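Trainee: Sequence and predicted structure below; questions after.
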Amino acid sequence: MVVNKAVDELISLGLSEYEAKAYVALLERNPVTAYELARVSGIPTSKIYEVLSRLFDKGIVSALGEEGAKRYIPMQPDEFIESYRSRMETTLKSLKEDLASVGKVTDLSFIWNIRDYEYLMDRAERMIREAKSTLLISVWKEEMRGLEKVLEKAERTEVRIAVIHFGVPEVKIGQVFQHPIEDTIYAEKGGRGLVVVADSREVLMGTIFKDGSVEGAWSQNRGFVTMAEDYIKHDIYMMKIVRRFDRILKSTFGDRYEKLRDIFLDEDAG
């Protein structure tokens, strides 16, 4: 239900349950007295004045009329969102400066483990958004759909982008190289892979398994970054070769190149 969802989202922004319910109820029906608001929102009458007082202090509701005959109206949703956004941006900017003054992290060799898909994608989006010069990406269509818009913005800022895409690309952003044997890779790894290298400075690597679980990592460790960068570059070199010599490779190693990918055996398809 939309109302319940809106209440949950307001709670996630820091409002209490009663504050969220009161604000949503006011949007549905206003102006109303405190008693009427308690009745339509399900908030106990013993709590309603306390809730309204907190909302008034936060600037989310206003009162009309004199004491004893007050009726309440809500801040309009657009104004509420922009006001919240402005306050949050100011707070985050101040917090960033304050935390930086506490002490600087001098060792960036650590590797941050990632187990959550939403966090994996959020980190990928932030890396792409903050890239200044180059992006190397290895991706499947499912994750590409989620990163498409932020990649388009990066391309418009003249960030150079090279993409290894497993499966048929649905969009072309930057220089795209299609990997032709995604089914073989999926079978080998048991899932989809995502690698993002930004500005040769930081790397995100993750595997999304068949059951939806995620194993990934983010780091600015130079060795880790170089390894991931070389991995994507190597795949690009191979795709360039495949594009130009596909017929010869298929006749030598077979349609799906299993023999070519077998690193423990060096023989032709025969």
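Mentor: That came through, no problem.
Trainee: Tell me, how many residues neighbour Pro169?
Mentor: 15 (other Cβ atoms under 10 Å). For glycine as for every other residue, the C-beta is placed from the backbone atoms N, C-alpha and C.
Trainee: Could you do Pro31 as well?
Mentor: 17.
Trainee: I'd like the distance between the closest residue to it other than its chain neighbours and Lys47.
Mentor: What sits nearest to Pro31 in space, not counting adjacent residues and going by Cβ to Cβ, 6 or more residues apart in numbering, is Arg71, at 3.7 Å. Remark: distance between Arg71 and Lys47 (Cβ to Cβ, to the nearest Å) = 19 Å.
Trainee: Those two - which one has more neighbours?
Mentor: More crowded of Arg71 and Lys47, by other Cβ under 10 Å: Arg71, with 15 against 12.
Trainee: so who does the more buried one touch?
Mentor: Asn30, Pro31, Val32, Thr33, Ala63, Leu64, Gly65 (Cβ atoms under 8 Å, 6 or more residues apart in numbering).
Trainee: Please repeat the previous calculation with a cut-off of 7 Å.
Mentor: Pro31, Val32, Thr33, Leu64, Gly65 (Cβ atoms under 7 Å, 6 or more residues apart in numbering).
Trainee: my guess is the first one meets Tyr72, correct?
Mentor: Yes. Counting by Cβ atoms under 7 Å, a contact exists between Pro31 and Tyr72, whose distance comes to 6.1 Å.
Trainee: How are the strands of the protein distributed by residue range?
Mentor: Taking DSSP state E, the strands of the chain run over residues 61-64, 71-74, 111-114, 134-140, 160-166, 175-179, 191-198, 202-209, 214-219.
Trainee: need the ones you listed in JSON lines with distance to Glu148, can you?
Mentor: JSON lines is the format used below for the strands of the chain (distance: least, Cβ to Cβ, whole Å):
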{"stretch": "strand 61-64", "distance to Glu148": "40"}
{"stretch": "strand 71-74", "distance to Glu148": "36"}
{"stretch": "strand 111-114", "distance to Glu148": "21"}
{"stretch": "strand 134-140", "distance to Glu148": "10"}
{"stretch": "strand 160-166", "distance to Glu148": "11"}
{"stretch": "strand 175-179", "distance to Glu148": "12"}
{"stretch": "strand 191-198", "distance to Glu148": "14"}
{"stretch": "strand 202-209", "distance to Glu148": "17"}
{"stretch": "strand 214-219", "distance to Glu148": "20"}
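Trainee: between those, which one is nearest to Asp8?
Mentor: strand 71-74 (17.8 Å; Cβ to Cβ).
Trainee: can you count the residues close to Ile114?
Mentor: Ile114, neighbours per other Cβ under 10 Å, totals 18.
Trainee: For it, which non-adjacent residue is spatially closest?
Mentor: In space, Ile114 is closest to Gly216, 3.8 Å off (Cβ to Cβ, 6+ apart).
Trainee: gap between that neighbour and Gly191?
Mentor: Gly216 is 11 Å from Gly191, by Cβ to Cβ.
Trainee: hang on, the earlier thing: count the neighbours of the residue nearest to Ile114 for me.
Mentor: 22.
Trainee: Tell me the buried residues in stretch 172-179?
Mentor: Ile173, Gly174, Val176, Phe177, His179 (16 or more other Cβ atoms under 10 Å).
Trainee: and the residues you listed as CSV, adding distance to Leu95 and pLDDT?
Mentor: What follows is these, written out as CSV (distance: Cβ to Cβ, whole Å; pLDDT from 0 to 100):
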residue, distance to Leu95, pLDDT
Ile173, 33, 93
Gly174, 34, 93
Val176, 38, 93
Phe177, 41, 91
His179, 41, 81
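Trainee: any chance of the residues you listed in TSV, with distance to Ser83 too?
Mentor: Listed next are the buried residues of stretch 172-179 as TSV, based on distance: Cβ to Cβ, whole Å:
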residue	distance to Ser83
Ile173	35
Gly174	38
Val176	41
Phe177	46
His179	47
